[in-house]
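In: following is a predicted model, sequence given first.
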Amino acid sequence: MESIPDLVPGTKIPDLELPDHTGRERSLTEVAAGNPLALFTARGWWCPKEQRYMRELVKLQNEFEVAYTQIVVVTIDDPPD
């Protein structure tokens, strides 16, 4: 796996390619499709704090949609079976 440089203000985030919820490899550029993208990280669904965080993020989904912004969450969780 390629090492990711330290992220500091003004640094461009690498165009990560990771499996989506279906297991298909997708890049951030592909998901964004030319629109803004909000990238979040999560420790995993096992964590009660993360569960609450994700529920609150879902409540904002309509606001992101109006702004033509994709929500991407990178987590250590395995895709659902």
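Out: On my side now, so go ahead. Residues are numbered from 1 along each chain as shown.
In: how close does residue 44 get to residue 18?
Out: Per CB to CB, to the nearest Å, residue 44 is found 15 Å from residue 18. To be clear about C-beta, it is placed using only N, CA and C from the backbone, and glycine gets the same treatment.
In: er, residue 74 actually
Out: From residue 74 to residue 18 the distance is 6 Å (CB to CB).
In: so who does the closest residue to residue 33 other than its chain neighbours touch?
Out: The shortest distance from residue 33 to any non-neighbouring residue, by CB to CB, 6 or more residues apart in numbering, is to residue 70 (7.5 Å). Listed by CB atoms under 8 Å, 6 or more residues apart in numbering, the contact set of residue 70 reads 31, 32, 33, 35, 36, 37, 38, 64.
In: quick check: PyMOL command selecting the buried ones in those.
Out: Per 16 or more other CB atoms under 10 Å, the buried members of the contacts of residue 70 correspond to this PyMOL selection:
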select buried, resi 31+32+37
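In: which of the contacts of residue 70 fall within helices?
Out: Among the contacts of residue 70, the residues falling in helices (DSSP state H) are 31, 32, 64.
In: closest to residue 78 among these?
Out: residue 31 (19.3 Å; CB to CB).
In: can I get the contacts of residue 70 in a markdown table with pLDDT?
Out: Output for these, formatted as a markdown table (pLDDT from 0 to 100):
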| residue | pLDDT |
| --- | --- |
| 31 | 94 |
| 32 | 94 |
| 33 | 94 |
| 35 | 95 |
| 36 | 94 |
| 37 | 93 |
| 38 | 93 |
| 64 | 96 |
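In: output the contacts of residue 70 in TSV, with distance to residue 56 appended to each entry.
Out: Conversion of the contacts of residue 70 to TSV gives the following (distance: CB to CB, whole Å):
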residue	distance to residue 56
31	21
32	22
33	25
35	22
36	19
37	19
38	13
64	13
